[in-house]
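Participant: coordinates only, sequence not included:
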């Protein structure tokens, strides 16, 4: 299992935008990823966090958790977002956390069986974006895995 620093380095190397955004991994496990995004590097002309940065944060939190699970299970393959949707509920005026938790082992098992049988699978997953303990947005997406 990667440490938070290892996951941050991996994201910065593989997805260069994450370095420019100042993204860092707060916590990581097989069932939970929390990524931190600083307002200072992601603000808009109003001094609030840019919506595109928030969409990237929500996407990355889900992508990172699926990636960690694939590594845990020894699954090599391509992971891409197929569909995404954002709901914004409040302006972000401070650093923001993208939090993705996934404990549905039955659904993960179905995803793995699809990979084993067809060499590809799809997984729907969500993340919550929070600042100061307040939910400010939610990401929902479908990710494709192809081995």
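Facilitator: Okay, I see it. All values derive from a computational prediction rather than experimental measurement.
Participant: Buried residues in stretch 34-41, which are they?
Facilitator: Residues of stretch 34-41 classed as buried by neighbour count (16 or more other Cβ atoms under 10 Å): 34, 35, 36, 37, 38, 39. Using the backbone N, CA and C atoms, a C-beta is placed for each residue, glycine as well.
Participant: Check stretch 128-138 too.
Facilitator: Using 16+ other Cβ under 10 Å as the test for burial, stretch 128-138 gives 128, 129, 130, 131, 136, 137.
Participant: Which of the buried residues of stretch 34-41 fall within strands?
Facilitator: Residues of the buried residues of stretch 34-41 located in strands (DSSP state E): 34, 35, 36, 37.
Participant: Who are the contact partners of the spatially most central residue of the chain?
Facilitator: Nearest to the geometric centre of the chain sits residue 61, at 1.5 Å (Cα atoms, centre = their mean). Neighbouring residues of residue 61 by Cβ atoms under 8 Å, 6 or more residues apart in numbering: 33, 34, 35, 98, 99, 100, 127, 139.
Participant: Same check on residue 60?
Facilitator: 11, 15, 18, 23, 35, 98.
Participant: Do me a favour and get the backbone dihedrals for the third one.
Facilitator: Per-residue torsions, residue 18: phi -60, psi -30 (degrees, to the nearest 10).
Participant: Identify the residues contacting the lowest-mean-pLDDT helix or strand in the chain?
Facilitator: Lowest on mean pLDDT, DSSP states H and E among the helices and strands of the chain sits helix 105-118, with a mean of 92. Helix 105-118 has contacts (Cβ under 8 Å, 6+ apart) with 69, 73, 75, 77, 102, 120, 121, 122, 123, 145, 147.
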